[in-house]
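1. no sequence for this one, just the structure:
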DNA sequence: CGTCCGCTTGAATAGTTTCAATTGAAGTGG
DNA sequence: CCACTTCAATTGAAACTATTCAAGCGGACG
């Protein structure tokens, strides 16, 4: 664990919209407690457990999931750089889902005690935090409709389009492809489908050249065509990292 | 539209935990813009539309839902007294779901412009708002796992238990029964099941005397038995109204 | 070289949807 | 006051989608 310059911290992204005051920059330095580097497969936060800390993903990809009574797993969503992890634990006392790193990951660590300090002295930042929470709620609502009312092809197509767009938004696209390090098992658990059926659906999309997901890389030759097949509205607002 | 005494406003519930200062009470009076009374079936907020206002349900029951491209409807959740409606529109600019009153309803109206004032001058209240948002996220996660990984009996059982508990929590239980004014169609759309299958599942639960939902009233003779059948963890945290 | 893991395949099964039609209660207009 | 419409709940049967079970394949790794 070591301190890094604020320039490397995603909090800096704010500057695009509104420059920081000297006081604010000083505050953020004090807010950031350090960094955490973890290996693939590491469970960073566990459902039901309290956590004294709050994280922002600096680098790497992960997955948020819940475990059901019968041992089944429901993936809540995939986590990308810029995502905030552990707000629930900070506010509610304990996490309602687990968080696991899928690749090597570098996290920016904040102390949950400092959160209250943020609310007291930085209304703009706390407003943004609430905004972030509202955005999360929005995307969960979208996921809910997908699981509730869509066929396998639509679910898989929707998930690939969303993940692709988000990875592009955080600048992880190269040569028209984005990293997709998760397993078919993860996608199946995210979409409420069996592994077998997810596999067959992926093959269908691959055969029609609508989406290529091979060797941990995903490319979507024609997003509009895939959106058509998956009945997805491409115009829907995309998530953008804030903190 | 007319002003009501603060004693009638749910914001007053805070006093249970922490007395208001004179300044805060004055602030809340200024925050509350008035009241809105609507009839059953009224769409209070529409997905995709901005809204200059923010509501708290004082009385009555409603439903939050999204409409999909193909016209299908996904119920996000059922809304009870104490629930905050329209935070998304206030923060993100537009609603990601619609809100409709199921029964006669009385709403407390706030102006979205005042929200920023809240964040600036009342850190405790804005913290609570974020907390509320985190709780909402928690319950959406629970709904997501239910739709993704559970059978029809489990879904229906889960929904009935949750709604029952929430209605009880806001004091709407009488003679062991709570009001359940929604239609089988609404429940089906909430659970991602067909109407026919929802109907047959309800009948099964009724036959086994696990849940009686007739004439708009719901009673659950033995919650533990139902929780058993539905593989639901009764110990899971319940939502409590905050604002 | 053997084991593990992720991906793939086929066949049988089960759960859920869709279609089509009926009932009863409540509301509407002549 | 009675036909007529409407809406929610209900039923049965047929069709289908997705799950489960079971097995095989290939690459990675010790």
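-> Here it is on my side, so go on. The structure displayed is predicted, hence computed values, not measured ones.
2. mind listing what's buried in the longest helix along chain A?
-> Longest helix in chain A, counting residues (DSSP state H): helix A:123-149. For helix A:123-149, a neighbour-count test (16 or more other CB atoms under 10 Å in any protein chain shown) marks A:123, A:125-149 as buried. In short, each C-beta sits where N, CA and C put it, glycine included.
3. is any part of the helix or strand that that helix is followed by close to DNA strand D?
-> For helix A:123-149, the succeeding helix or strand toward the C-terminus, using DSSP states H and E, is helix A:152-169. Yes - for helix A:152-169, a contact with DNA strand D is found by CB under 7 Å from any atom of the strand, at residue A:152.
4. does any part of helix A:152-169 sit near chain B?
-> No - Helix A:152-169 lies out of reach of chain B by CB under 8 Å from any CB of the partner chain, never closer than 9.4 Å.
5. What is the distance between stretch A:85-97 and the centre of its chain?
-> 15 Å (CA atoms, centre = their mean, to the nearest Å).
6. Direction included, what does whichever strand or helix holds residue A:108 pair up with?
-> Applying DSSP H and E as the criterion places residue A:108 in strand A:105-111. Paired strands of strand A:105-111, with direction, are strand A:32-38 (antiparallel), strand A:53-59 (antiparallel) (DSSP bridges).
7. Go back to the buried residues of helix A:123-149 and keep what's next to chain B.
-> A:123, A:126-127, A:129-131, A:133-138, A:140-145, A:147-149.
8. and among the strands paired with strand A:105-111, the most buried is which?
-> Greatest average neighbour count among the strands paired with strand A:105-111 goes to strand A:53-59 (a mean of 21), per mean count of other CB atoms under 10 Å in any protein chain shown.
9. Tell me who's in contact with the residue nearest the centre of chain A.
-> By CA atoms, centre = their mean, chain A has its centre lying nearest to residue A:79, at 2.4 Å. Residue A:79 makes contacts with A:57, A:61, A:62, A:63, A:64, A:85, A:99, as judged by CB atoms under 8 Å, 6 or more residues apart in numbering or on different chains.
10. Redo these as JSON lines? Include secondary structure, distance to DNA strand D and pLDDT.
-> Formatted as JSON lines, the contacts of residue A:79 follow (DSSP: H, G, I helix; E, B strand; the rest coil; distance: CB to the nearest atom of the strand, whole Å; pLDDT from 0 to 100):
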{"residue": "A:57", "secondary structure": "strand", "distance to DNA strand D": "24", "pLDDT": "93"}
{"residue": "A:61", "secondary structure": "coil", "distance to DNA strand D": "18", "pLDDT": "97"}
{"residue": "A:62", "secondary structure": "strand", "distance to DNA strand D": "20", "pLDDT": "98"}
{"residue": "A:63", "secondary structure": "strand", "distance to DNA strand D": "19", "pLDDT": "98"}
{"residue": "A:64", "secondary structure": "strand", "distance to DNA strand D": "20", "pLDDT": "97"}
{"residue": "A:85", "secondary structure": "strand", "distance to DNA strand D": "27", "pLDDT": "94"}
{"residue": "A:99", "secondary structure": "strand", "distance to DNA strand D": "24", "pLDDT": "97"}
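11. Does residue A:37 touch residue A:105 like I think?
-> Yes - contact between residue A:37 and residue A:105 holds when scored by CB atoms under 8 Å: they sit 7.1 Å apart.
12. Now do residue A:91 against residue B:232, distance only.
-> 24 Å (CB to CB, to the nearest Å).
13. same deal with residue A:39?
-> 35 Å.
14. low pLDDT regions in chain A?
-> Within chain A, the segments meeting pLDDT under 70 span A:1-29, A:236-243.
15. Tell me the residues of it that contact DNA strand C?
-> Residues of chain A lying near DNA strand C by CB under 7 Å from any atom of the strand: A:183, A:184, A:185, A:195, A:196, A:199, A:200, A:202, A:203.
16. Pull the number of nearby residues for residue A:91.
-> Neighbour count of residue A:91, defined by other CB atoms under 10 Å in any protein chain shown: 22.
17. any idea how chain A splits into domains?
-> A:6-121, A:148-230 (automatic domain parsing).
18. Which of the ones you listed sits closest to residue B:223?
-> In terms of CB to CB, the element of those nearest to residue B:223 is domain A:6-121, at 15.8 Å.
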